[in-house]
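Q: any chance you can model this:
(one chain, ligands or ions: 2)
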Amino acid sequence: MTIQHVHARRIWDSRGRPTVEVEVANADGTLGIGIAPAGASRGTREAAELRDGGTRFGGRDVQQALAAVQREIEPALAGREAADQAGIDAMLIALDGTPDKSRLGGNTLIATSLAVLHAAAAQARQPLWQYLAQGRPVQLPLPQVQIFGGGAHAGRRVDVQDFMVIATGAESFAHAMEMTAEVYRAAGELMAQRGSLAGVADEGGWWPSFARNEDALDALVAAIERAGYVPGGEVAIALDIAASEFGHGGRYRLALENQELDSDGLCERLVGWVDRYPIVSIEDPLAEDDEAGLAAFTHAVGHRVQVVGDDYLVTNASRVRQAADRGACNCALIKPNQAGTITETLAALQAAQERGYATIVSARSGETEDVAIVHLATGWNAGQLKVGSFARSERMAKWNEGIRIESRAGAPAGFRGRAALRGKQ
Ligand code: PGA
Ligand code: ZN
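A: Numbers count the residues shown, from 1 in each chain. Ligands and ions are numbered 1, 2, ... in the order given. The predicted structure follows:
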């Protein structure tokens, strides 16, 4: 059964900004819908977004992207098999014709590629995770959940972007959610008691009213204890430093502490945190342009913590292979819209797994009710999932979908749990 219609429409993301939704209809009447998410702390090598510019909606309208779908993509997709994901993605890449997907837009292409994937699963009458698993045994991923949101997601109130927890003691996905709910609530109570409760950041984490980055770490440990868990034993800490946001050319400016550090200085500071706090995962500890720093940091602590590449690896298979050759990072963050197509996203994930890297499928700070990434993380057996905090429905929709997948008949073969963190360690 072949693709009959492709329709694009503008919908709105969790920041109230325009985004692209693509609907692919098969001749048998089954449908697939794909939605482009949007990052705020983007890697420079990500697939480029196509935005209209000008003044309307802050220059972020997507009329050109919608027009591109109707004018160029629909005619190219009509009559093709939705199940031919690799063939369709190769065609989309060729149709765009630019190295960074700037002509048709990475946002246009990922919405289309995801819609095709959903259409193929619908045609096969299977939930997406099961369609992707192709009969292989898979497990529900271990979640990384934000408790305090900083960096570019909170007006740069603190330098570090994500202060997260991982329920290392959880026995199921649903159990990890229960444990996280208690820590999130305890953290909110703690902030209220201190008189520093000031709402939430872009991904739903508590607003980080702290005087030092380390105060947020202390508060996180206190919240884990207040929730009744053993820090490091039952609930551990994960950080996304997002260092590309405050560092270039080997110089890092910590605004909160009014300090400038070189690569070694930041590396030393973070190793100190790893020594003093129950941290099991650190993302983008150094900037995307500081490969030597990333390798040095991985050499120093990679045997005991997961070192995650986001801005540095940008969900790109050849960048993952190069990083592995240079000993930088031991885990890859996998964001479909950084790559621009599902096929390239999967290639990056497979390249990471082949090199012994752990993998985390991740949402963006600008999200919607779309829950596809939970199915990708499960069906591809990625091991871990990161979708922001434990508040706001664009985040909760994803956590709730994980609970649904886990509890339905024909569910995946259990929960990966802390074993997912192994990586190269
Ligand atoms: P972004 O940030 O979606 O705003 O780019 C998420 C991350 O850095 O992991
Ligand atoms: Zn990141």
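Q: excluding its backbone neighbours, what's nearest I282?
A: L239 (5.1 Å; C-beta to C-beta, 6 or more residues apart in numbering). Quick note: C-beta positions are derived from backbone N, CA and C, even for glycine.
Q: show me where the stretch 251-400 of the chain has helices.
A: Secondary structure of the stretch 251-400 of the chain (DSSP state H, counting those that start in this stretch): helices at 263-276, 291-301, 317-326, 336-339, 342-354, 372-379, 393-407.
Q: re earlier: run me through the strand neighbours of the helix or strand containing the residue nearest to I282, direction for each.
A: Per DSSP states H and E, L239 falls inside strand 236-240. Strand 236-240 pairs in its sheet with strand 162-166 (antiparallel), strand 279-283 (parallel), by DSSP bridges.
Q: now render the helices of the stretch 251-400 of the chain as JSON lines, adding distance to L114.
A: Listed next are the helices of the stretch 251-400 of the chain as JSON lines, based on distance: least, C-beta to C-beta, whole Å:
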{"stretch": "helix 263-276", "distance to L114": "35"}
{"stretch": "helix 291-301", "distance to L114": "30"}
{"stretch": "helix 317-326", "distance to L114": "19"}
{"stretch": "helix 336-339", "distance to L114": "7"}
{"stretch": "helix 342-354", "distance to L114": "6"}
{"stretch": "helix 372-379", "distance to L114": "6"}
{"stretch": "helix 393-407", "distance to L114": "14"}
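Q: one step back: can you pull out the residues in contact with the strand holding L239?
A: Residues from elsewhere that reach strand 236-240 (C-beta atoms under 8 Å, 6 or more residues apart in numbering): 144, 151, 160-166, 168, 217, 220-221, 224, 231, 273, 277-284, 306, 308, 310.
Q: for the closest residue to ligand 2 within the chain, the count of nearby residues, please.
A: Ranked by C-beta to the ion, the top residue of the chain for proximity to ligand 2 is D310, at 3.5 Å. Residues near D310, counting by other C-beta atoms under 10 Å, number 30.
Q: circling back to that earlier point, right, and the helix or strand after the strand holding L239?
A: Using DSSP H and E, the next helix or strand after strand 236-240 towards the C-terminus is strand 247-248.
Q: looking at that following strand now, give me its mean pLDDT.
A: On average, the pLDDT along strand 247-248 is 96.
Q: name every strand pairing with that strand and say which way it goes.
A: Checking strand 247-248 against DSSP bridges gives partners strand 251-254 (antiparallel).
Q: buried residues in the strand it pairs with?
A: Buried residues in strand 251-254, counted by 16 or more other C-beta atoms under 10 Å: 252, 254.
Q: can you check stretch 412-422 too?
A: Neighbour-count burial for stretch 412-422 flags 412, 415-417, 420-421 (criterion: 16+ other C-beta under 10 Å).
Q: ditto for stretch 362-378
A: Result for stretch 362-378 [16+ other C-beta under 10 Å]: buried residues 362-368, 370-378.
Q: did I read that right, A222 in a helix?
A: Yes - the assignment for A222 (DSSP: H, G, I helix; E, B strand; the rest coil) places it in a helix.
Q: surely L77 touches A8?
A: No - counting by C-beta atoms under 8 Å, A8 is not a contact partner of L77; they are 11.5 Å apart.
Q: of these two, which one has the most company?
A: Taking neighbours as other C-beta under 10 Å, L77 and A8 compare with L77 leading, 25 against 22.
Q: please report phi then psi for that one.
A: Dihedral pair for L77: phi -90, psi -30, per degrees, to the nearest 10.
Q: sorry, back to before: got the helices of the stretch 251-400 of the chain as JSON lines, with distance to ligand 2 and mean pLDDT columns?
A: Below are those laid out as JSON lines (distance: least, C-beta to the ion, whole Å; pLDDT from 0 to 100):
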{"stretch": "helix 263-276", "distance to ligand 2": "15", "mean pLDDT": "98"}
{"stretch": "helix 291-301", "distance to ligand 2": "13", "mean pLDDT": "98"}
{"stretch": "helix 317-326", "distance to ligand 2": "15", "mean pLDDT": "98"}
{"stretch": "helix 336-339", "distance to ligand 2": "10", "mean pLDDT": "98"}
{"stretch": "helix 342-354", "distance to ligand 2": "15", "mean pLDDT": "98"}
{"stretch": "helix 372-379", "distance to ligand 2": "14", "mean pLDDT": "98"}
{"stretch": "helix 393-407", "distance to ligand 2": "15", "mean pLDDT": "98"}
